[in-house]
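Colleague: Predicted coordinates and the sequence they were generated for:
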Amino acid sequence: MKCDRCENAATYSRKYSGESLCSECFSNSILRKAAKTISKHNMIQNGELVCVAVSGGKDSLALLHVLSKMAENHNFRIHAVTIDEGIPGYREEALDIVKNFCNSLGVSHSTYSYKDLFDLTLDESLKMRENEKTSSCSICGTFRRRAMDHAAKDIGADVIATGHNLDDTLQTFLINMTSGDTNKIGWMDPDTSENSLRKIKPFCEIYESEIVFYAFTNNLPFQTEPCPHMNEGIRTEIREFLNRMEGSHSGIKNSMYKSILRVSQIVKESDYKERIKCSNCGCECTGNVCAVCKMIVDLKDR
Ligand code: SF4
Ligand code: ZN
């Protein structure tokens, strides 16, 4: 079968639009789509330094690849950052992959660890937790957000870019819904312009399956070994459920994404809380003590 946009042979069939594309036209379509998302939500301004969160997985390496191509002919710079959670046997391989990939692209790279920042590795935190209902990912995610903020400030960045794709957004929405965490739905609004450090997700309108194909077709050297804690929560079950729905109702993920955008804006407006400084660490938060300080005190008090 021929590519719908050129004379080459098609290698990808985009089911929700009915298009057949060759590898090159497919990759260009991903670049264009990410560029459109960036411009629609004013994600990057002229002259800014973008801190790209790179774990070594397919999404973050694809994001670094796409942003480094865009930076060649746009007025912004990028700096990659990897967070070392302290997960033995997992993070070491990813760090090597990221360092080599950044070298090959000529992108500067820095690593920050939970141990240095919080005096706790993720493994140590998990051993200290008493309540097994606090999932590894919720501890890890709270630390990671703070670690990324610290890293971005340290390198003088204006904005943090993460490789979250459309599927991640749908999964997070359903996780927040099923856990009753409705205020977190307000955090999902892509407009973070009121924060001193903006958070952007240039792949938030792209299916995970397309990022996987982008990574394969561009020979990106991503880590395939998953984090040992990956299947502890309900994310994997929700991912499989959404994939089944998309398989029988092509395009349903796109429609759901549009609904989430609207719902997250409404929740954010109705749940607006003034930002104040954490009484312990001075970071911006909405309560007296920020989530990270609270988590560290809870873990160390045990
Ligand atoms: Fe952290 Fe969970 Fe991701 Fe593992 S899967 S790195 S524990 S957030
Ligand atoms: Zn083509």
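Modeller: Everything's here; your move. Ligands and ions are numbered 1, 2, ... in the order given.
Colleague: Please see if stretch 216-235 touches ligand 1.
Modeller: Yes - where contact is defined by C-beta under 6 Å from any ligand atom, part of stretch 216-235 touches ligand 1, namely 227, 229-230. All C-beta spots, glycine's among them, are computed from the backbone N, C-alpha and C.
Colleague: any chance of these in CSV, plus neighbour count?
Modeller: What follows is the residues of stretch 216-235 next to ligand 1, written out as CSV (neighbours: other C-beta atoms under 10 Å):
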residue, neighbour count
227, 19
229, 18
230, 12
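Colleague: any idea which of these is the one closest to residue 293?
Modeller: Of all the residues of stretch 216-235 next to ligand 1, the one with the least separation from residue 293 (C-beta to C-beta) is residue 229, at 22.8 Å.
Colleague: Doesn't the closest one belong to a helix?
Modeller: No - membership of residue 229 in a helix is not supported by DSSP: H, G, I helix; E, B strand; the rest coil, which gives coil.
Colleague: My guess is it contacts residue 140. True?
Modeller: Yes - between residue 229 and residue 140 a contact is recorded at 7.3 Å, counting by C-beta atoms under 8 Å.
Colleague: Can you pull the phi and psi angles for the residue in the stretch 101-250 of the chain positioned nearest to ligand 2?
Modeller: Distances from the stretch 101-250 of the chain to ligand 2, computed as C-beta to the ion, single out residue 217 as the nearest residue at 11.9 Å. According to degrees, to the nearest 10, the main-chain angles of residue 217 amount to phi -70, psi -20.
Colleague: and the closest residue to it other than its chain neighbours, what is it in contact with?
Modeller: Nearest residue to residue 217 in three dimensions, chain neighbours excluded: residue 23, at 4.4 Å (C-beta to C-beta, 6 or more residues apart in numbering). By C-beta atoms under 8 Å, 6 or more residues apart in numbering, residue 23 lies in contact with 8, 11-12, 217.
Colleague: Residue 23 and ligand 1: what is the separation?
Modeller: From residue 23 across to ligand 1, the span is 29 Å (C-beta to the nearest ligand atom, to the nearest Å).
Colleague: Phi, psi for that residue please.
Modeller: Note on residue 23: backbone dihedrals following degrees, to the nearest 10 are phi -60, psi -40.
Colleague: Repeat that for residue 51.
Modeller: The phi and psi values for residue 51, taken as degrees, to the nearest 10, are phi -90, psi 110.
Colleague: Tell me how far the helix or strand of the chain at the bottom of the mean pLDDT ranking lies from the chain's centre.
Modeller: Least confident element among the helices and strands of the chain, by mean pLDDT, DSSP states H and E: strand 284-285 (a mean of 76). Here the centre of mass of C-alpha atoms in strand 284-285, compared against the chain's by C-alpha atoms, centre = their mean, to the nearest Å, lies 21 Å away.
Colleague: Direction included, what does that strand pair against?
Modeller: Sheet pairing of strand 284-285 (DSSP bridges) gives strand 276-277 (antiparallel).
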